[in-house]
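Colleague: Whatever this is, show me its structure:
(2 chains)
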Protein chains: 2
Amino acid sequence: MTRNTLDPFDGLGPLADLVQALKRLPGVGPKSAQRLAFHLLQHDRQAATDLGQALLTAVRDVQHCARCNSFSHTALCPICSDTRRNASVLCVVETPADLAAIEATHTYQGYYYVLMGRASPLDGVRPESLDWPKLATRLDDGEVREVILATNFTNEGEATAVFLTDRIRKQGVKVSRLARGVPIGGELEYTDPTTVARALLDRRPLGADPE
Amino acid sequence: MTRNTLDPFDGLGPLADLVQALKRLPGVGPKSAQRLAFHLLQHDRQAATDLGQALLTAVRDVQHCARCNSFSHTALCPICSDTRRNASVLCVVETPADLAAIEATHTYQGYYYVLMGRASPLDGVRPESLDWPKLATRLDDGEVREVILATNFTNEGEATAVFLTDRIRKQGVKVSRLARGVPIGGELEYTDPTTVARALLDRRPLGADPE
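Modeller: Numbering: from 1, shown residues only, chains lettered A, B, ... in the order given. Here you go, the predicted model:
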């Protein structure tokens, strides 16, 4: 037994390249990459072609919106192009997915700023490395009166909010944060104690308080 | 509230197309597709470009080996091109990944035939729809003396083996099946009863049996 371990795709150039490229997707290991490649080539070459073209087109055409920093294939994204929105409120989110979550509420009429990330000191992402200067410039024009920080309520999102609060206040703009509390439909018994504690602290008066 | 639910990628043509294309990968749902698209466009455009090109190249160049039916970008795959192998044994496997598993043992010197699937009546895949005629033609040349059925020991793999056994025997070729039993390093306590039962039935004599 002097042979080395065989690469199963030895000599299979384009297939080996495809498996390698699939492995670079987050969450896809060697086995899944292999299974995906086999599936596409054996059962769904049309999907493989469509995905290949979609990737190349997106890489070529998708850039960032000049105003809100979200993904866009036009200079201004559809939301920033909509002049009927309320320019005095700016909601700061981490990702385009968070923007979509706020839009899905149908209750927010202002504009957005997408950080395209979060401060994450443990991963070496310092708050200063966020797309923060672009946001500062945006606030300088004086149109925005209030910034709603809608970063996630994770350690990273909170650190990002703390960092931004200081800087935005220095620019003389009001800063608010999404309310924390028990989710709609939530039961106290199954809500984590930190959330219940926060809901107690942030309790809201009902009706007129007695003097 | 008369507005319809917004598509978060409304008006984001190439990004929406990319998310749609990623959703067609097996095991990738809408949320993962979105996360993959964001990750690639925000953090790894090179990986996106490489994957796009690898997909298009593989779809264009990867076909099936004329002899063993495995994936190959040349008319004959490297294994079938290797004339030093033993042409009297043919190992039948379900997929190229199974072929790789057998090659990794470094103990098999014959050739392969890859079914590129398995009979799966529950999924509507009848045994007759496998690439079986190509295998039959291969056996007709009289060179192969023994076919080793190495389909998986799943219901589908077993059904496939049963189907093939009948047909291969009719062609006058000897058929064998991989041994079933307790895996190397396996403990009886943690081995499923069916496997232990099979290992009992297929027990092997040690040394010379007393007359």
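Colleague: My guess is A:V59 contacts B:R45. True?
Modeller: Yes. Under the criterion of Cβ atoms under 8 Å, A:V59 is in contact with B:R45, at a separation of 5.2 Å. Just so you know, the C-beta spots here come from the backbone N, C-alpha and C atoms, and that holds for glycine as well.
Colleague: And those two? Which one has more around it.
Modeller: Relative neighbour count places A:V59 above the other of A:V59 and B:R45, with 19 against 15, counting by other Cβ atoms under 10 Å in any protein chain shown.
Colleague: check contacts around the more buried one.
Modeller: A:V59 makes contact with B:L40, B:L41, B:R45, B:A48, B:T49, B:G52 under the criterion Cβ atoms under 8 Å, 6 or more residues apart in numbering or on different chains.
Colleague: so what are the domain limits for chain A?
Modeller: Following automatic domain parsing, one finds the domains of chain A at A:13-61, A:71-205.
Colleague: Listing partners with orientation, what would you give for the biggest strand by length in chain A?
Modeller: Assignment by DSSP state E gives strand A:86-93 as the longest strand of chain A. For strand A:86-93, sheet partners with direction are given as strand A:110-114 (parallel), strand A:146-149 (parallel), following DSSP bridges.
Colleague: what angle sits between the next helix or strand after it and strand A:110-114?
Modeller: Using DSSP states H and E, the helix or strand that directly follows strand A:86-93 along the chain is helix A:96-103. On the basis of axes from the mean of the first three to the mean of the last three Cα atoms, to 10 degrees, helix A:96-103 is oriented at 160 degrees to strand A:110-114.
Colleague: And helix A:96-103, what does it pack against?
Modeller: Contacts defined by 3 or more Cβ pairs under 8 Å, 6 or more residues apart in numbering or on different chains; DSSP states H and E place helix A:96-103 against strand A:86-93, strand A:110-114, helix B:30-43.
Colleague: most tightly surrounded among the strands paired with strand A:86-93?
Modeller: Ranked by mean neighbour count under mean count of other Cβ atoms under 10 Å in any protein chain shown, the strands paired with strand A:86-93 are led by strand A:110-114, which reaches a mean of 23.
Colleague: Any regions of chain A where pLDDT drops low?
Modeller: A:1-11, A:207-211 (pLDDT under 70).
Colleague: Okay, strands next: where are they in chain A?
Modeller: Using DSSP E, the strands found in chain A span residues A:63-64, A:71-72, A:86-93, A:110-114, A:146-149, A:174-177.
Colleague: wait, what's in contact with the most centrally placed residue in chain A?
Modeller: The structure's chain A has its C-alpha centroid closest to A:T95; by Cα atoms, centre = their mean the separation is 1.8 Å. A:T95 makes contact with A:V114, A:L115, A:M116, A:G117, B:F38, according to Cβ under 8 Å, 6+ apart.
Colleague: measure the third one to chain B for me?
Modeller: When Cβ to the nearest Cβ, to the nearest Å is the yardstick, A:M116 and chain B sit 6 Å from each other.
Colleague: Does that residue touch A:Q63 like I think?
Modeller: No. Here A:M116 does not reach A:Q63: they are 11.7 Å apart, not a contact under Cβ under 8 Å.
Colleague: quick one, which of these two is more surrounded?
Modeller: A count of neighbours by other Cβ under 10 Å puts A:M116 above the other of A:M116 and A:Q63, at 20 against 12.
Colleague: what residues are up against A:T151?
Modeller: When contacts are taken as Cβ under 8 Å, 6+ apart, A:T151 is in contact with A:V92, A:V93, A:E94, A:D98, A:L115, A:R118, A:G157, A:E158, A:T160, A:A161, A:L164.
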